[in-house]
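Visitor: Give me the fold of what follows.
(2 chains)
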There are 2 protein chains.
Amino acid sequence: MTTTEIGRRYVALCREGKRGEVIDTLFAKDVVSVEAVAPPGADRTAKGIEAVRGKSKWWAENNTLHKAELSGPYPHDDRFAVRFVLDVTNKQGGERKTVDEIGVFTVVDGKITKEEFFYPVG
Amino acid sequence: MTTTEIGRRYVALCREGKRGEVIDTLFAKDVVSVEAVAPPGADRTAKGIEAVRGKSKWWAENNTLHKAELSGPYPHDDRFAVRFVLDVTNKQGGERKTVDEIGVFTVVDGKITKEEFFYPVG
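Guide: Numbers count the residues shown, from 1 in each chain, chains lettered A, B, ... in the order given. Down below sits the predicted model:
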């Protein structure tokens, strides 16, 4: 698949809520996931597909997603960007908020090898 | 200025239509501007602040901008992203369309040294 095709597949699966399938089918084994800021008790960078699965599991366990609005993919060479606007409640704090962020994904040999999330910090 | 401050300034000036001031005050002399695809009769990559000024002038001469909606900045380390939704008419063809793209900007020593535009090609 081309970078654009992988981007389209990524967006389609995310819209269907199939995050597990995104990781299983589109991510490279050595994928690296980098946040703009470190999540509570974790590093900014998760290395390897198992770490990314763990991060995804942690997110789902700690948040209720009411609605996800994705725009994209926006391709550029071996990368594509996606904008996410998420309506989400943190299960612990009970706070409902809008998460507005951009992900930039790098594709090598037909697999996503890096995801980088851009959003305001603090 | 930090990357976030430069991003905020970039977005504020763009919202005011001050593209010239963006280039004069925020861009490095050796800034590089990279499109997802080559514009008609030009290279994908414009190198240097004069080339970027020329590109900006060419765009303004060839397009009528009815409305620009910017989201961001979305910072990540030494980069920030911005989403642009532009309502624009090409002066030659007369076609009015929506341009939806994401720019990723790299900051070095308080100046933007690279802008990369992400959007669907073809």
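Visitor: tell me the contacts of residue A:6?
Guide: With contact set as C-beta atoms under 8 Å, 6 or more residues apart in numbering or on different chains, residue A:6 has these partners: A:26, A:80, A:105, A:107, A:110-112. Bear in mind the C-beta positions are built from the backbone N, C-alpha and C, glycine included.
Visitor: Equivalent analysis for residue A:13, please.
Guide: A:19, A:21-22, A:25-26.
Visitor: What segments of chain A are helices?
Guide: In order along the chain, chain A carries the following helices (DSSP state H): A:3-15, A:19-26, A:49-62.
Visitor: Only the buried residues of the second one, if you could.
Guide: By that I understand helix A:19-26. A:19, A:22-23, A:26 (16 or more other C-beta atoms under 10 Å in any protein chain shown).
Visitor: Just checking: the least confident one among those is which?
Guide: On pLDDT alone, residue A:19 ranks lowest of these, at 92.
Visitor: so that one touches residue A:56, yeah?
Guide: Yes: counting by C-beta atoms under 8 Å, residue A:19 does reach residue A:56; the two are 5.4 Å apart.
Visitor: how about the residues of chain A that lie near chain B?
Guide: A:4, A:34, A:36, A:71-77, A:79-81, A:83, A:100-102, A:104, A:116-121 (C-beta under 8 Å from any C-beta of the partner chain).
Visitor: Of these, grab the buried ones for ChimeraX.
Guide: Selection of buried members from the residues of chain A next to chain B for ChimeraX, criterion 16+ other C-beta under 10 Å:
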select /A:4,34,36,71,72,73,74,75,76,79,80,81,83,100,101,102,104,116,117,118,119,120
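Visitor: Quick one: residues in contact with the helix-or-strand element of chain A with minimal mean pLDDT.
Guide: Lowest mean confidence among the helices and strands of chain A (mean pLDDT, DSSP states H and E): helix A:49-62, at a mean of 94. Outside of helix A:49-62, the residues within contact range by C-beta under 8 Å, 6+ apart are A:19-20, A:23, A:27-31, A:33, A:39, A:42, A:46, A:90-92, A:115.
Visitor: what about burial for these, which qualify?
Guide: Buried, going by 16+ other C-beta under 10 Å: A:19, A:23, A:27-28, A:31, A:33, A:46, A:115, out of the contacts of helix A:49-62.
Visitor: biggest separation within those, which pair?
Guide: A:19 and A:28 (16.3 Å; C-beta to C-beta).
Visitor: Render the CA-only coordinates of stretch A:92-99 in PDB, please.
Guide: Once non-C-alpha atoms are left out, stretch A:92-99 reads as follows in PDB (Å, rounded to 0.1, in the frame of the first residue of the first chain):
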ATOM      1  CA  GLN A  92     -10.700   9.100  37.200                       C
ATOM      2  CA  GLY A  93     -11.300  12.800  37.300                       C
ATOM      3  CA  GLY A  94     -14.700  12.700  35.600                       C
ATOM      4  CA  GLU A  95     -13.700  15.800  33.500                       C
ATOM      5  CA  ARG A  96     -15.200  15.900  30.000                       C
ATOM      6  CA  LYS A  97     -13.100  17.800  27.500                       C
ATOM      7  CA  THR A  98     -12.300  18.300  23.800                       C
ATOM      8  CA  VAL A  99      -8.900  16.900  22.700                       C
END
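Visitor: Centre of the chain to stretch A:52-71, how far?
Guide: 8 Å (C-alpha atoms, centre = their mean, to the nearest Å).
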